[in-house]
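K.L.:
okay, here's the prediction I keep looking at, along with the sequence it came from:
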Amino acid sequence: MLFLKFLLAMLPIIWLIAALSGLKMAGHKACVTAMLLTMVLAAGYWKLSALCTVTAALEGVLNALWPICLVIIAALFTYNLTLKTGAMDLIKKMLATVSRDKRVLALMIGWGFGNFMEGMAGFGTAVAIPASMLAGIGLDPVRAVLGCLVVNSTPTAFGSVGVPTVTLASVTGTELLALSGDVVLIQFILTFLSPFLMVCICGKGIKALKGMLPMTLTASLSFTVPWFLTARFIGPELPDIIGSICSMGCMIAAAKIFNKEPDEAYAIESGEKGGNETISAADGLKAWSSFLLIFLLLIFTSTLCPPVHQAIAGIKSTVTVYAGEGGNALSFSWINTPGVMILAAALIGGCIQGAAVSDMVSVFVETVKKYWKTVLTICSVMAAAKIMSYSGMISDIAKFLVAVTGSFYPFIAPLIGALGAFVTGSGTSTCVLFGGLQSETAAALGLDASWMAAANVMGAGIGKMICPQGIAIGAGAIGAVGSESRILSAVLKFFLFYVILAGIICYAGACLGL
């Protein structure tokens, strides 16, 4: 009976994998079908009432629209507006003064700036904005998305100013600073390796590391060391932010030492160099204004600035949509949410860059029109995730995995977190879904609850590599809606490598009593 429940509960997930990687189906079609299949299974086998099934789906859609889709549309609008005003051309020229080597710029933007965006905002911004910028400076668009998906797997735990780990501590009842320390310890190896993989992905193979080892090592250490120390001794709110700022600063300095004359095979095209053109500080600030404002607004409205945060945090609406017992209250923050801050930064930045109101309106409308399939994909996935959660499908999947693994459970603990992220697309939601299961299982097996909880959030980051909504965000960011199956096929091998290595690390740590 347990195996049958597991098999049936896995059907929507199996369908998504088959549809996207095997049938090469467009993401929005595959995900809508998966949602309908989930509804049938939940109502037919798990006996979830029609009203509960529909309201669970509605909760998922609303949760997808606000804040996830809002963030994505705002991020893409920001990028498209910088294209319209010509600011992105100037940004490219400025980046070219740091280095003409696309591999260095992949590290600067995809690794450094991407980790910064994850730490500040999360919700897909760390894929959408860096991937679109990398494609804009001449990197292969699919490889740009692939690289961003891979490196975004490790900062997830401390994304959105530490929300996933703070949530996990609340769900599991573990002490926050101790959990933060375990999270950074269990993820250290994967985090250290990520920039090396970024270079290999964007440089089309391991040969791309030739001449880049000093630079890549600088990028890795300058992030992981402050990231590790911050998480261990301060807490989960700042590791990504502090680590990425340190890393970007060190990479700018290192590029002047190690990559003065880049390999021409990886050089920016001559038309994009801009290396000999002098750009004034005022013009540079104007070009970067939207992104600088995103940073400032997110900082000043976060918990790092209590007076402002507290003043606007209460401007929200709370509603319970799910009709059954145990429904989650949805909270809609109308000001203090990353999407609103990014949108405000884009509008103010657009004015600074000289964009007319009519231009901003037309760019926004075109952005929404262009990415409606991405929005539909994410809404469908979130609806399916809520139905699976409320019906008990996710719980049955986890119970089966626990039952068949026994003492080897620590090896598959990250896989359970990855499964949650594949379904929900959110590190925070995965912590809510499986955080309690991980700590309870740890207690039953005599393992350290904090270590197993850390394994869950590590798996959540890894699972975001292959989740349909993350892939849809990436495809939308490079203007390649419909290429989701190609991206999934490309990222799958990195997912398998990470999840196996994560399992080995988790099991070794459990055996050593970490």
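P.N.:
Perfect, I can see it now.

K.L.:
give me phi/psi at residue 322?
P.N.:
Backbone torsions of residue 322, given as degrees, to the nearest 10, read phi -60, psi 130.

K.L.:
so it is in contact with residue 383, correct?
P.N.:
No - applying C-beta atoms under 8 Å, one finds residue 322 not in contact with residue 383, separated by 11.8 Å. (Glycine included, C-beta is placed from N, CA and C.)

K.L.:
higher neighbour count, the two?
P.N.:
Set residue 322 next to residue 383 and count neighbours by other C-beta atoms under 10 Å: residue 383 wins out with 28 against 22.

K.L.:
so what sits against both of residue 322 and residue 383?
P.N.:
residue 56 (C-beta atoms under 8 Å, 6 or more residues apart in numbering).

K.L.:
all helices of the stretch 151-300 of the chain, in order?
P.N.:
Taking DSSP state H, counting those that start in this stretch as the test, the helices found in the stretch 151-300 of the chain are 159-172, 176-186, 188-202, 213-233, 239-258, 281-301.

K.L.:
take those helices and lay them out in JSON lines including distance to residue 28, mean pLDDT and mean neighbour count.
P.N.:
What follows is the helices of the stretch 151-300 of the chain, written out as JSON lines (distance: least, C-beta to C-beta, whole Å; pLDDT from 0 to 100; neighbours: other C-beta atoms under 10 Å):
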{"stretch": "helix 159-172", "distance to residue 28": "25", "mean pLDDT": "81", "mean neighbour count": "24"}
{"stretch": "helix 176-186", "distance to residue 28": "34", "mean pLDDT": "95", "mean neighbour count": "22"}
{"stretch": "helix 188-202", "distance to residue 28": "26", "mean pLDDT": "96", "mean neighbour count": "22"}
{"stretch": "helix 213-233", "distance to residue 28": "35", "mean pLDDT": "95", "mean neighbour count": "20"}
{"stretch": "helix 239-258", "distance to residue 28": "30", "mean pLDDT": "91", "mean neighbour count": "21"}
{"stretch": "helix 281-301", "distance to residue 28": "28", "mean pLDDT": "87", "mean neighbour count": "18"}
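
K.L.:
could you dump the ones you listed to CSV with distance to residue 428?
P.N.:
Shown next, in CSV, are those (distance: least, C-beta to C-beta, whole Å):
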stretch, distance to residue 428
helix 159-172, 5
helix 176-186, 14
helix 188-202, 19
helix 213-233, 17
helix 239-258, 14
helix 281-301, 17
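
K.L.:
to residue 419, which of those helices lies closest?
P.N.:
Taking C-beta to C-beta, helix 159-172 is the member of the helices of the stretch 151-300 of the chain nearest to residue 419, at 15.8 Å.

K.L.:
send me that closest one as CSV with only the CA atoms.
P.N.:
Provided in CSV are the C-alpha atoms of helix 159-172 (Å, rounded to 0.1, in the frame of the first residue of the first chain):
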residue,chain,number,x,y,z
GLY,A,159,18.5,33.9,0.2
SER,A,160,16.1,36.7,0.7
VAL,A,161,18.1,37.9,3.8
GLY,A,162,18.1,34.4,5.3
VAL,A,163,14.4,33.6,5.1
PRO,A,164,14.7,29.8,4.3
THR,A,165,17.0,29.1,7.2
VAL,A,166,15.1,31.3,9.6
THR,A,167,11.9,29.4,8.5
LEU,A,168,13.6,26.1,8.9
ALA,A,169,14.7,26.9,12.5
SER,A,170,11.1,27.8,13.3
VAL,A,171,9.7,24.6,11.8
THR,A,172,12.2,22.3,13.4
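
K.L.:
phi and psi next, for residue 100.
P.N.:
Torsion angles, degrees, to the nearest 10, at residue 100: phi -90, psi 0.

K.L.:
quick one: it from residue 461, how far?
P.N.:
Between residue 100 and residue 461 the computed distance is 32 Å (C-beta to C-beta, to the nearest Å).

K.L.:
so which elements touch the lengthiest helix in the chain?
P.N.:
Identified as the longest helix of the chain according to DSSP state H is helix 484-512. Helices and strands touching helix 484-512, by 3 or more C-beta pairs under 8 Å, 6 or more residues apart in numbering; DSSP states H and E, are helix 27-44, helix 141-151, helix 176-186, helix 188-202, helix 409-424, helix 449-463, helix 468-477.

K.L.:
buried residues in it?
P.N.:
Across helix 484-512, burial judged by 16 or more other C-beta atoms under 10 Å covers 484-488, 490-491, 494-495, 498-499, 502-503, 505-507, 509-510.

K.L.:
can I get the helix or strand harbouring residue 12 in PDB? Just the C-alpha atoms.
P.N.:
Here residue 12, judged by DSSP states H and E, is contained in helix 2-17. Taking C-alpha atoms only, helix 2-17 is exported to PDB below (Å, rounded to 0.1, in the frame of the first residue of the first chain):
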ATOM      1  CA  LEU A   2       2.800   2.400   0.900                       C
ATOM      2  CA  PHE A   3       4.600   1.700  -2.400                       C
ATOM      3  CA  LEU A   4       1.300   2.200  -4.400                       C
ATOM      4  CA  LYS A   5       0.800   5.600  -2.700                       C
ATOM      5  CA  PHE A   6       4.400   6.500  -3.500                       C
ATOM      6  CA  LEU A   7       4.100   5.500  -7.100                       C
ATOM      7  CA  LEU A   8       0.800   7.400  -7.700                       C
ATOM      8  CA  ALA A   9       2.100  10.500  -5.800                       C
ATOM      9  CA  MET A  10       5.200  10.500  -8.100                       C
ATOM     10  CA  LEU A  11       3.200  10.400 -11.300                       C
ATOM     11  CA  PRO A  12       3.000  14.200 -11.700                       C
ATOM     12  CA  ILE A  13       6.700  14.500 -11.100                       C
ATOM     13  CA  ILE A  14       7.500  11.600 -13.500                       C
ATOM     14  CA  TRP A  15       5.300  13.200 -16.100                       C
ATOM     15  CA  LEU A  16       7.100  16.500 -15.800                       C
ATOM     16  CA  ILE A  17      10.500  14.900 -16.200                       C
END
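
K.L.:
alright, I will stop here.
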